[in-house]
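# I would like to see how this sequence folds:
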Amino acid sequence: MRNRPGTRLLLIIATLLVFVFGIIGIPQGISPAALKASLLRRIHLGLDLSGGTHLILQVMVDEAVGTTTDSDLARMQTDLASAGFEATGNKPDLKQPAVVQLSGIAPDKVQSALTVLGNRYGAQYEFANAGGVITASMKQSAVAELKENTLQQAVDVIRTRVDTLGVSEPTIQEYNVGSNQILVELPGIDDPARVKDVIQSTARLEIHLVNGGPFPTEAAAVQSLGGTLPFDQEMVHAEPGASSAESGDQVYLLKKAPEVAGTDIRDAQSGTNQNTNEAQVTFYLTTAAGNHFADFTQQNKGKGLAIVLDNKIREVANIHDQIRDTGTISGGSMNKTQSDELALLLRTGALPASIHYLQESSVGPSLGADSIRQGVLASVVGMLAVMAFMLIYYRGAGINADLALLLNLIILLGFMGYTHAVLTLPGIAGVILTIGMGVDSNVLIFERIREEMRAGKSASASVDQGFAHAWTTIVDTHVTTIVSAAILFIFGSGPVKGFAITLTFGLFANIFTAVFVSRTIFDANVNRRSRGEAISI
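Numbers count the residues shown, from 1 in each chain. Have a look, this model is predicted:
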């Protein structure tokens, strides 16, 4: 009894139409330009094809560790003071940001102080006592978690900033796992310098208690303290032109631990001061930060408060009344554009640590167009060469393979269109490799059919046995390659991911075309022939 491929043929035609729609959608016309525009709306071009900027950034995660231990040390001193233990804090080695020390505690009270610290900070720190000096070392697990969170927060902040600037289809992700690096690819960007400035701007807003100043120099500030700067204080310069530094350089002594940090800001908006007509930025604190700030300002009325932005004092003012969750930044030479950008940076969050540029490269639109032409030419030449070989070597069956190969390409591009995949130059290489894999499957099937025919079996039986025996080998080869592509996708960067995606889509399409489509065409061919008549293969 012969196979009836009619139903399968209808399924193949329906599949073809579905994936053609995936490639071009509903075109605005039938001209080549309209079809090309429809194609590019469905399948986006990657950085190497459309042009743009490629950056690799190094996140200085040790800075985040140092900032965290500084803040924790200040809290440890406060907690010890509340428990009746006066202690002086310092860092014994700046090259070890995770280690801090507490000294000056009476010998008979050290053990009690260790108990207080262990109860409150034992989850993150290990404490040791040597001659009355308490050394607090952040646990390795806590350091690793802090570094990982710092890297992820940097990725999130950069992505938010880039998205706000309207860059289409950016790639922002961890790069070279374990190295604390970030890959940033911005296709089609026309002003890389401005984007770099926005990405790198830390915009770290902090509010500190003023302990002294202004002083004309750092030496004068230290001299006012008897020649030694306590660990829990820091010297910060006022930004030239700010209201706190109307003439010359001025230095203030500030409490090192901030009362408000950048992560406490929930929103920021630019505007204009109605009284002075100056540009200003209004920021709003989270509920928890607002409650803390309200308590702090209530307890410190009459004292000075400094608004520090990127390690420069922007404003210094006395606390007259309780302040809860709203503040403003104004004055200086800030214009409307700068206030808009500052509000954006505060709104999208501060980078948890500074970043350094390790690599920067740009791809021009003309070079991208060149890559497209050469990639398409390579694909076309490769496909034509393969199709010609199949026709010459397998004769009539070669037409079968060529039809399956064309359908394979349509399914692959349709997949990419439906998923709005980004096509890169390595992605084009994946398409070419898929062509070779598709032919490989057909070769396995055709050679098996030839063996069955040489054994004296009929055309129908040879086709049945050929597909039955080749099926296991085809599945094995495709599954192993798909697993390899999955590994490339998980651990690879943007272009490598593009290669893995197109290769995987193509392999699934191969299984369908090499087995289902090819088998349908063979069955239709066998049905047209008289019983016992050989097929061309």
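# which element is the residue nearest to Arg519 when sequence neighbours are not counted on?
Nearest residue to Arg519, sequence neighbours excluded (C-beta to C-beta, 6 or more residues apart in numbering): Phe467, at 5.5 Å. For glycine as for every other residue, the C-beta is placed from the backbone atoms N, C-alpha and C. If you go by DSSP states H and E, Phe467 is part of helix 459-491.
# buried ones in that helix?
Across helix 459-491, burial judged by 16 or more other C-beta atoms under 10 Å covers 459-460, 462-467, 470-471, 474, 477-478, 481-482, 485, 488-489.
# run through the neighbouring helices and strands of the helix or strand just after that helix.
Using DSSP H and E, the helix or strand that follows helix 459-491 towards the C-terminus is helix 494-511. Secondary-structure packing of helix 494-511 (3 or more C-beta pairs under 8 Å, 6 or more residues apart in numbering; DSSP states H and E): helix 47-50, helix 396-419, strand 422-423, helix 425-454, helix 459-491.
# make JSON lines from these and add mean pLDDT and distance to Val363 to it.
Converted to JSON lines, the helices and strands packed on helix 494-511 look like this (pLDDT from 0 to 100; distance: least, C-beta to C-beta, whole Å):
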{"stretch": "helix 47-50", "mean pLDDT": "72", "distance to Val363": "6"}
{"stretch": "helix 396-419", "mean pLDDT": "85", "distance to Val363": "21"}
{"stretch": "strand 422-423", "mean pLDDT": "76", "distance to Val363": "14"}
{"stretch": "helix 425-454", "mean pLDDT": "83", "distance to Val363": "10"}
{"stretch": "helix 459-491", "mean pLDDT": "86", "distance to Val363": "22"}
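# I'd say Leu151 and Glu174 touch.
Yes - Leu151 is in contact with Glu174 according to C-beta atoms under 8 Å; the separation is 6.4 Å.
# and for these two, which residues touch both?
Residues touching both Leu151 and Glu174 (C-beta atoms under 8 Å, 6 or more residues apart in numbering): Ile182.
# returning to what we had before: so the helix holding Phe467 versus helix 494-511, what angle?
160 degrees (axes from the mean of the first three to the mean of the last three C-alpha atoms, to 10 degrees).
# so which elements touch helix 459-491?
If contacts are counted by 3+ C-beta pairs under 8 Å, 6+ apart, helix 459-491 sits against helix 425-454, helix 494-511, helix 518-528.
# quick one: low-confidence ranges for the stretch 251-400 of the chain?
329-334, 345-346, 348-350, 364-368 (pLDDT under 70).
# what segments of it are strands?
Secondary structure of the stretch 251-400 of the chain (DSSP state E, counting those that start in this stretch): strands at 251-255, 265-272, 279-285, 304-309, 312-318, 326-330, 355-363.
# switch the ones you listed over to JSON lines; also include mean neighbour count and distance to Ile56.
Below are these laid out as JSON lines (neighbours: other C-beta atoms under 10 Å; distance: least, C-beta to C-beta, whole Å):
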{"stretch": "strand 251-255", "mean neighbour count": "23", "distance to Ile56": "35"}
{"stretch": "strand 265-272", "mean neighbour count": "17", "distance to Ile56": "29"}
{"stretch": "strand 279-285", "mean neighbour count": "21", "distance to Ile56": "31"}
{"stretch": "strand 304-309", "mean neighbour count": "22", "distance to Ile56": "27"}
{"stretch": "strand 312-318", "mean neighbour count": "19", "distance to Ile56": "28"}
{"stretch": "strand 326-330", "mean neighbour count": "18", "distance to Ile56": "33"}
{"stretch": "strand 355-363", "mean neighbour count": "14", "distance to Ile56": "4"}
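# before we move on, the earlier item: in this structure the residue nearest to Arg519 contacts Ala514, no?
No - the pair Phe467 / Ala514 is not scored as a contact, 9.5 Å apart, by C-beta under 8 Å.
# which strand or helix spans the most centrally placed residue in the chain?
Nearest residue to the geometric centre of the chain (C-alpha atoms, centre = their mean): Gln173, 2.3 Å. If you go by DSSP H and E, Gln173 is part of strand 171-175.
# tell me the first helix or strand C-terminal of that strand.
The helix or strand immediately downstream of strand 171-175 is strand 181-187, counting by DSSP H and E.
# from the helices and strands packed on helix 459-491, which stretch is densest packed?
Comparing the helices and strands packed on helix 459-491 by mean neighbour count (mean count of other C-beta atoms under 10 Å), helix 494-511 ranks first with a mean of 23.
# returning to that earlier point: who touches the residue nearest to Arg519 in this structure?
Phe467 makes contact with Ile445, Arg448, Val515, Arg519, Phe522, according to C-beta under 8 Å, 6+ apart.
# in space, what's closest to the first one - neighbours in sequence excluded?
Counting by C-beta to C-beta, 6+ apart, Ala470 is the residue found nearest to Ile445 once chain neighbours are left out, at 4.5 Å.
# before we move on, the earlier item: of all the strands of the stretch 251-400 of the chain, which lies closest to Arg41?
strand 355-363 (21.5 Å; C-beta to C-beta).
# partners of that closest one, with directions?
Paired neighbours of strand 355-363 in the sheet (DSSP bridges): strand 52-59 (antiparallel).
# which of the residues in the partner strand are buried?
Buried residues in strand 52-59, counted by 16+ other C-beta under 10 Å: Gly52, Thr53, His54, Leu55, Ile56, Leu57, Gln58, Val59.
# low pLDDT regions in the stretch 101-250 of the chain?
Applying pLDDT under 70 to the stretch 101-250 of the chain flags the ranges 164-169, 190-192, 194, 200-204, 241-248.
# please enumerate the helices of it.
With DSSP state H, counting those that start in this stretch, the ranges of helices along the stretch 101-250 of the chain come out as 110-121, 140-164, 192-200, 218-223.
# which of the three states applies to the nearest residue to Lys109 once chain neighbours are set aside?
Spatial nearest neighbour of Lys109, chain neighbours left out: Phe85 (5.7 Å); criterion: C-beta to C-beta, 6+ apart. Assigned by DSSP: H, G, I helix; E, B strand; the rest coil, the conformation of Phe85 is coil.
# list phi and psi for Phe85.
phi -120, psi 120 (degrees, to the nearest 10).
# contacts only, for it.
Applying C-beta under 8 Å, 6+ apart to Phe85 gives the contacts Ile105, Ala106, Lys109, Ser112, Ala113, Val116.
# and the two most separated of these?
The most widely separated members of the contacts of Phe85, counting by C-beta to C-beta, are Ala106 and Val116 (13.8 Å).
# which one of those two has more residues nearby?
Using other C-beta atoms under 10 Å as the criterion, Ala106 and Val116 rank with Val116 on top: 17 against 11.
# circling back to that earlier point, Thr228: which of the helices and strands packed on helix 494-511 is closest?
Of all the helices and strands packed on helix 494-511, it is helix 459-491 that lies closest to Thr228, at 50.7 Å by C-beta to C-beta.
# and the angle from the closest one to helix 518-528?
Following the same axes, to 10 degrees, one obtains 170 degrees for the angle between helix 459-491 and helix 518-528.
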